[in-house]
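Asks: I need the structure of the sequence given here:
(chains A, B, C and D, ligands or ions: 4)
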2 protein chains.
Amino acid sequence: MKDTVNQLKEYLIKHDIKPSTIRLKILEYLLNNPIHPTADDIYKSLLDQMPTLSKTSIYNTMDLFAGKGVVKVISLDEKEARYDINTCLHGHFKCHVCERIYDFPISCDIQTPQELEGFAINDIDINFYGICQNCKNKERRIWKWNG
Amino acid sequence: MKDTVNQLKEYLIKHDIKPSTIRLKILEYLLNNPIHPTADDIYKSLLDQMPTLSKTSIYNTMDLFAGKGVVKVISLDEKEARYDINTCLHGHFKCHVCERIYDFPISCDIQTPQELEGFAINDIDINFYGICQNCKNKERRIWKWNG
DNA sequence: CTCATATTTTATAATAATTATAATTTTACA
DNA sequence: TGTAAAATTATAATTATTATAAAATATGAG
Ligand SMILES: [Mn+2]
Ligand SMILES: [Mn+2]
Ligand SMILES: [Zn+2]
Ligand SMILES: [Zn+2]
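Replies: Ligands and ions are numbered 1, 2, ... in the order given. I've put the predicted structure just below:
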């Protein structure tokens, strides 16, 4: 337990972030819940541990984390921003039935399109939308039930 | 002129949309300005032609167009939605200096990652972010000036 | 054409995520 | 311990979008 906290502290320090209680709690949450949470998800989940927590602190912390490269902000089809503790290049699939967001590896190392020759590419977002296998199976079951 | 309007009308009808004045004007604007405009861009551009135009009409029309497949809503790094009259699969590059959004073709026909085997993929967004060639050249010129 | 009805457009208010500002609390450390 | 800096919070403001209902326009039978 103590060890974990120290690891988290080191992790933040390595990223040039002073480790405060809130920052550690948020980092811990993000590592334990790699579900691409929204600011509100994080807020709600930490509220019982830290009853004085404010939404502004979540936003502040996430901005800080994003700026220091601890999280990547992912902007999908929706109006709320989501935060990904996994900052390595990978794709996202959002199921529009269960709203879950799946990771998938980007297989073929993206080659720069000729059209973007001479452009500096700093960031890549690859987002797929559809229905995940779980939800497809459920739908099929409902089909069967209905005849 | 008359011809063009008729073509636009046919285009809407083909997409199961009753052609009203506003809808035709918006469609015309989108075809003549394939710059991925925001609702506000469209509104401001049409306001002098149609002084009674309301922002709500833009949103209504764009929702209708999106539902009928006339435009694709593209959600980038920003809070405003943008609309693309080109609904074929292609990638977007946003320059964070000039804010311009460039199209580029998706070269290698995206193969479904094994991880998404059994998933139904309905939509794909591929967004690159960085600095476009224009802006890079400008920056270099400023460098030179400053010594 | 004329009236009734459906559709479209508009004005207005509501919602909701995010940001701005300033006050309060906590931390660092002389 | 006292003071300044940093972090956190409360509160208000902003802004894109949606909801609602009123007004304008189009449609179509009689
Ligand atoms: Mn991810
Ligand atoms: Mn495009
Ligand atoms: Zn699902
Ligand atoms: Zn540029």
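
Asks: residues making contact with the strand ranked longest in chain A?
Replies: Across chain A, the longest stretch assigned as strand under DSSP state E is strand A:120-131. Residues outside strand A:120-131 that contact it (CB atoms under 8 Å, 6 or more residues apart in numbering or on different chains): A:74-77, A:89-97, A:104, A:106, A:110, A:112, A:139, B:93, B:96, B:116, B:119-131, B:136. Using the backbone N, CA and C atoms, a C-beta is placed for each residue, glycine as well.

Asks: restrict the residues you listed to those near ligand 3?
Replies: The overlap between those and the neighbours of ligand 3 (CB under 5 Å from the ion) comes to A:C95, A:V97.

Asks: Only the buried subset of the contacts of strand A:120-131, as a ChimeraX command please.
Replies: Only the buried entries of those go into this ChimeraX selection, using 16 or more other CB atoms under 10 Å in any protein chain shown:
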select /A:75,76,90,91,92,93,94,95,104,110 /B:93,116,119,120,124,125,126,127,128,129,130,131,136
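
Asks: quick one on the thing from earlier: so does the next helix or strand after the longest strand of chain A get close to chain B?
Replies: Sequence order places helix A:133-145 as the next helix or strand after strand A:120-131, per DSSP states H and E. Yes - residues of helix A:133-145 contacting chain B under CB under 8 Å from any CB of the partner chain: A:Q133, A:K136.

Asks: how about the longest strand of chain A, does it reach ligand 4?
Replies: No - applying CB under 5 Å from the ion, one finds strand A:120-131 out of contact with ligand 4, separated by at least 9.8 Å.

Asks: residue closest to the middle of chain A?
Replies: The C-alpha lying nearest the average C-alpha coordinate of chain A belongs to A:D84 (CA atoms, centre = their mean; 2.3 Å).

Asks: on that earlier part again, just the CA atoms from the longest strand of chain A would do, formatted as CSV, please.
Replies: What follows is strand A:120-131 as a C-alpha-only set of coordinates in CSV (Å, rounded to 0.1, in the frame of the first residue of the first chain):
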residue,chain,number,x,y,z
ALA,A,120,4.4,18.0,-39.0
ILE,A,121,2.1,15.4,-37.4
ASN,A,122,2.1,15.7,-33.6
ASP,A,123,-0.9,13.6,-32.8
ILE,A,124,-3.1,10.9,-34.3
ASP,A,125,-6.7,9.9,-33.3
ILE,A,126,-8.2,6.8,-34.8
ASN,A,127,-11.8,6.2,-33.7
PHE,A,128,-14.2,3.5,-34.8
TYR,A,129,-17.9,3.5,-34.0
GLY,A,130,-20.3,0.6,-34.1
ILE,A,131,-21.7,-2.2,-32.1
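
Asks: wait, does that strand make contact with ligand 1?
Replies: No - using CB under 5 Å from the ion, we find that strand A:120-131 stays clear of ligand 1, coming within 10.3 Å at best.

Asks: what mean pLDDT does that strand have?
Replies: Across strand A:120-131, the average pLDDT comes to 96.

Asks: picking up where we left off before, look up the closest residue to the residue nearest to the centre of chain A, ignoring the ones flanking it.
Replies: Leaving out its chain neighbours, the residue that sits closest to A:D84 by CB to CB, 6 or more residues apart in numbering or on different chains is A:K72, at 4.7 Å.

Asks: What residues does the one you found make contact with?
Replies: The contact partners of A:K72, by CB under 8 Å, 6+ apart, come to A:A66, A:Y83, A:D84, A:N86, A:T87.

Asks: Spell out which residues of chain A are next to ligand 1.
Replies: So far as CB under 5 Å from the ion goes, chain A lies against ligand 1 at A:D84, A:N86, A:D103.

Asks: Closest to ligand 2 out of those residues?
Replies: Using CB to the ion, A:D84 comes nearest to ligand 2 of these, at 24.7 Å.

Asks: Wait, that closest one touches A:H36, no?
Replies: Yes - under the criterion of CB atoms under 8 Å, A:D84 makes contact with A:H36 at 5.4 Å.

Asks: any shared contact partners between those two?
Replies: Shared contacts of A:D84 and A:H36, counting by CB under 8 Å, 6+ apart, come down to A:I74.

Asks: Is there any residue in stretch A:30-44 that contacts DNA strand C?
Replies: Yes - against DNA strand C, stretch A:30-44 shows contacts by CB under 7 Å from any atom of the strand at A:T38, A:A39, A:D40.
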